[in-house]
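K.L.:
coordinates only, sequence not included:
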């Protein structure tokens, strides 16, 4: 382990409520460098001393490690592939098997943008395919504050750059300078707090039994050490359908391939287990 990363871990070792041992060393060092600049420390060693001496800085540093960024239709190629290939296929299957629901899990949903994006696409695909298939979407995050934001479904205009004018008119209502998700779309998604490292459950209790056709776990794996990536992927694999799809970030392809997932459409970041 990098000596600086070891020192940071050592500082937090007696703080069980701030467990940082799971995080990738490079991520920890880069986060510490940002805090070093923000606090005006003259050297990295000075920052480590501050981190050791100041409870407030330890809390601030820990908060900086929490991954809470997302956006609507974040990877255009991924969502294009979903729209043109994956969703029509899945919706056709549910149309032919009326006892089957389409089940989707956004496993690190942040403020809800990802879950709302897939909900919009599904509703549009149902119209295009003249289908009344039942779709259950679950959005979870370990951060309760992020889940509260997702439930509110309120976004500034600059957060909607990837939203088409049709979608903006169809699914949002503007109040002053804020755009609110319409209630009819909100009702398509069940948001809840869930930690992927929860030892009791493999998937959000609200979903009851998992069995997901699509799972989003985007730009999360690379923040963790290898053994913790495996914990997440094993958990995801356990609750996917046999032909289920796993969607990750563009930079996480190598991680998935090491764990026996195959990217089914080039550069799409859409995988299946093989």
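P.N.:
Sure thing, it's come through. As the structure is a computational prediction, the values presented were derived from the model and not from experiment.
K.L.:
okay, CA-based contacts and neighbour counts for the rest of this
P.N.:
Fine.
K.L.:
domain map for this structure?
P.N.:
Domain ranges of the chain: 3-64, 76-273, per automatic domain parsing.
K.L.:
quick one: the longest one to chain centroid distance?
P.N.:
Translated: domain 76-273. The chain centroid and the centroid of domain 76-273 are separated by 8 Å under CA atoms, centre = their mean, to the nearest Å.
K.L.:
and the residue nearest the centre of the chain, what does it touch?
P.N.:
For the chain, residue 108 is the residue whose C-alpha lies nearest the centre (CA atoms, centre = their mean; 2.8 Å). When contacts are counted by CA atoms under 8 Å, 6 or more residues apart in numbering, residue 108 touches 139, 140, 141, 142, 216, 217, 218, 220.
K.L.:
ok, the residues you listed vs residue 5, which is closest?
P.N.:
Relative to residue 5, the closest of the contacts of residue 108 is residue 220; by CA to CA it sits at 19.4 Å.
K.L.:
could you measure that closest one against residue 80, distance?
P.N.:
Residue 220 sits 21 Å away from residue 80, going by CA to CA, to the nearest Å.
K.L.:
stretch 180-192: end-to-end distance?
P.N.:
First-to-last residue span, stretch 180-192, CA to CA: 19 Å.
K.L.:
pLDDT of it, averaged?
P.N.:
Summarised as a single mean, pLDDT over stretch 180-192 is 97.
K.L.:
pull the residues that contact it.
P.N.:
115-116, 119-120, 135-141, 147, 150-155, 171-174, 204, 206.
K.L.:
weed out the non-buried ones from those.
P.N.:
Among the contacts of stretch 180-192, those that count as buried by neighbour count (16 or more other CA atoms under 10 Å) are 115-116, 119, 135-141, 147, 150-151, 153-155, 171-172, 174, 204.
K.L.:
now, those residues that are in helices?
P.N.:
115, 116, 119, 147, 150, 151, 171 (DSSP state H).
K.L.:
hang on, residue 117 packs against residue 70?
P.N.:
No - contact criterion CA atoms under 8 Å: residue 117 and residue 70 do not qualify, at 11.0 Å.
K.L.:
now the helices: where do they sit in the stretch 1-150 of the chain?
P.N.:
3-12, 25-39, 44-53, 55-64, 76-81, 87-96, 113-128, 144-152 (DSSP state H, counting those that start in this stretch).
K.L.:
out of those, which gets nearest to residue 228?
P.N.:
Of the helices of the stretch 1-150 of the chain, nearest to residue 228 by CA to CA is helix 25-39, at 12.7 Å.
K.L.:
secondary structure class for residue 180?
P.N.:
Following DSSP: H, G, I helix; E, B strand; the rest coil, residue 180 is assigned to strand.
K.L.:
please name the nearest non-neighbouring residue to it.
P.N.:
residue 154 (4.5 Å; CA to CA, 6 or more residues apart in numbering).
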